[in-house]
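1. pasting the sequence and the predicted coordinates here, then a few questions.
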Amino acid sequence: MTLLDIKTDVSYCVGSFAEGLDHPECIAWGSDGYAYAGGEAGQLYRIDVKQNSFEEFGRAPQFVGGLCQDGSGFLYLCSGDKVYRCDQKGVLTVYSEGTDDEPMIAPNYPVFDKNGGLYVSDSGGWGDDNGKIFKILPGGETQLWSDTPKEFPNGLCISPDGSYLYVVVSLNSPRVERIPIDPEGSAGIRELVVEIPNSVPDGLAFDSEGNLYISCYRPDSIFRFNDDQGLETVVHDYEGTMMAAPTNIAFCGDRLNDLLSSNLGRWHITRYDIDACGHPLNYPIVE
């Protein structure tokens, strides 16, 4: 595999693999040693990052937003107005449709806490400011966890110490916020983390040093943020070819030292050599 240099404020190298995916928005590292992605027509892809190969093993009813995996190998994915649970053979069951009072509109991204609670951003309609965040308890019981932020909440991640849910807000003052998770699991008062003007941020991931990586649907960029250094550009592709609307990001590989992004505007996954390792995700056993 040849790693190609692109225009970047920090001289990292970038390479592509898994050519032939159908406009993937999501990428996630699983508990079973594979990466997973979804396609525009609902395809579910299992990716061997060592062999640079993939297979389609299932299909959701509609476009696949974000996804994640539990400790038993089940995938949880956002498609249409529902969250689905998928086994390793690609068989899907509905895991949540929201609540009776607040049905899901456009679930976008799921992330697990260590206890098996699945937080799901519901972006709502583009520009409608009707987003919210649900929490699905093990087994599927669902609660409206937070009715803010409303301005197209998107990618999520849990802080390394488990005390905050970080949320991308894609529109109407693009930014990242965080919401405290209190000891009982309820939502606290949200806090601004960083504003990212003139962008449409989408995905989030923490590295092992506590740095927060933020991928952007527009422009074709990934930023890194910490309190000491502020916001800096890690990589930017002005051509939009090697990076093409990089939506979700994930640290993958046995040592979590491969930062990968999906590319909603193209047909491949992009790999970044940034000399960092990801913070391990939660893979609870969900009965």
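-> Nice, thanks for sending it over. Residues are numbered from 1 along each chain as shown.
2. shaky segments in the stretch 101-250 of the chain?
-> Low-confidence segments of the stretch 101-250 of the chain, defined by pLDDT under 70, are absent; every residue clears the threshold.
3. strands of that one, residue ranges please.
-> Per DSSP state E, counting those that start in this stretch, the stretch 101-250 of the chain has strands spanning 107-112, 118-122, 132-136, 142-146, 153-158, 164-169, 175-180, 191-195, 200-206, 212-218, 221-226, 230-236, 246-252. These are given in chain order.
4. got these as TSV, with mean neighbour count and distance to His268 columns?
-> Where C-beta positions appear, they are placed from N, C-alpha and C, glycine not excepted. Converted to TSV, those look like this (neighbours: other Cβ atoms under 10 Å; distance: least, Cβ to Cβ, whole Å):
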stretch	mean neighbour count	distance to His268
strand 107-112	26	21
strand 118-122	26	25
strand 132-136	22	31
strand 142-146	18	34
strand 153-158	25	20
strand 164-169	24	23
strand 175-180	20	26
strand 191-195	15	29
strand 200-206	24	16
strand 212-218	24	15
strand 221-226	20	16
strand 230-236	17	15
strand 246-252	27	11
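5. what would the ones you listed look like in a markdown table with distance to His279?
-> Written out in a markdown table, the entries for these read as follows (distance: least, Cβ to Cβ, whole Å):
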| stretch | distance to His279 |
| --- | --- |
| strand 107-112 | 12 |
| strand 118-122 | 16 |
| strand 132-136 | 21 |
| strand 142-146 | 22 |
| strand 153-158 | 9 |
| strand 164-169 | 12 |
| strand 175-180 | 15 |
| strand 191-195 | 16 |
| strand 200-206 | 4 |
| strand 212-218 | 10 |
| strand 221-226 | 13 |
| strand 230-236 | 16 |
| strand 246-252 | 8 |
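6. out of these, nearest to Gly20?
-> Closest of these to Gly20 is strand 246-252, at 17.7 Å (criterion: Cβ to Cβ).
7. mind giving me the packing neighbours of the closest one?
-> Secondary-structure packing of strand 246-252 (3 or more Cβ pairs under 8 Å, 6 or more residues apart in numbering; DSSP states H and E): strand 27-29, strand 200-206, strand 212-218, strand 221-226, strand 258-263.
8. so which of the strands of the stretch 101-250 of the chain gets nearest Asp273?
-> strand 230-236 (9.8 Å).
9. quick one: distance of the closest one to the chain centre.
-> Its chain's C-alpha centre and that of strand 230-236 lie 18 Å apart, by Cα atoms, centre = their mean, to the nearest Å.
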